[in-house]
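J.: With the input below, show me the fold.
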Amino acid sequence: MGDKLLRVGTIYIPVTNVERSSEWYVNKLDAELSYKDEDKAILDFANQSIFLVKSNEIQSSNFTDSNGVERFSLTFEVNGLNALKAIHRDFTEKEIRVGEVEDRGHAGRNFVFYDLDGNKFDVWSELSPTFKEKWLIK
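T.: Residues are numbered from 1 along each chain as shown. Model (predicted):
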């Protein structure tokens with residue numbers, strides 16, 4: 001068991017302005033800033049360490065799939081449909097660019113949102129069973 005990859009420790013997100021982006025993540029997503037210099041900021045939120053890394057203006061974490069659809073590289077989970085709708089409402093009130101709540105044909109519902117640099121993220125209404133069990137979430 002000790003030879004397995006156990007968790008994702010850090011996620012790196014390209015941004016054009018570390019100062020402005022770190023303020024956005026703190027103010028809009030309630031991230032906790034643990035370090036910042038002119039090239040990077042380290043944030044703690046959603047049980048992850050997230051590095052905002054200064055990059056060129058045309059960079060993003062998005063990619064285009066084989067059908068030409070722009071995709072996100074990261075999905076956040078919330079605990080149920082009511083929580084999803086509440087965070088969607090909160091993001092809308094905070095003037096975060098968000099998509100509509102969608103039924104994608106699998107369990108739960110989703111919506112996408114974007115940061116200042118156009119990095120696209122997904123939010124899903126279903127917590128993983130392992131996370132629920134570990135943290136005793138009902």
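
J.: tell me how far stretch 34-42 is from the chain's mean position?
T.: Counting by CA atoms, centre = their mean, to the nearest Å, stretch 34-42 is centred 18 Å from the centre of its parent chain.

J.: try stretch 61-78
T.: For stretch 61-78 - counting by CA atoms, centre = their mean - the centre lies 11 Å from the chain centre.

J.: mean confidence score for that stretch?
T.: What stretch 61-78 shows for mean pLDDT is 96.

J.: So for it, first residue to last residue, what's the gap.
T.: 21 Å (CA to CA, to the nearest Å).

J.: Can you pull the domain assignment for this structure?
T.: 9-58, 60-138 (automatic domain parsing).

J.: Redo those domains as CSV? Include mean neighbour count and distance to Asp3.
T.: Heads up, the C-betas are built off the backbone N, CA and C, glycines and all. As requested, the domains of the chain are arranged in CSV below (neighbours: other CB atoms under 10 Å; distance: least, CB to CB, whole Å):
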stretch, mean neighbour count, distance to Asp3
domain 9-58, 15, 17
domain 60-138, 14, 19
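
J.: Just name the shakiest helix or strand of the protein by mean pLDDT.
T.: The weakest-scoring helix or strand in the chain, judged by mean pLDDT, DSSP states H and E, is helix 129-135 (a mean of 83).

J.: In the protein, where is pLDDT below threshold?
T.: Applying pLDDT under 70 to the chain flags the ranges 1-2.

J.: Okay, helices next: where are they in it?
T.: Assigned by DSSP state H, the chain shows helices spanning 18-29, 81-93, 129-135.

J.: Of all those helices, which one is nearest Ser60?
T.: Smallest distance to Ser60 across the helices of the chain (CB to CB): 12.1 Å, for helix 18-29.

J.: looking just at contacts, which helices and strands does the closest one meet?
T.: strand 32-36, strand 40-45, strand 48-54 (3 or more CB pairs under 8 Å, 6 or more residues apart in numbering; DSSP states H and E).

J.: quick one on the thing from earlier: run the chain-centre distance for the least confident helix or strand of the chain.
T.: With CA atoms, centre = their mean, you get 19 Å for helix 129-135.
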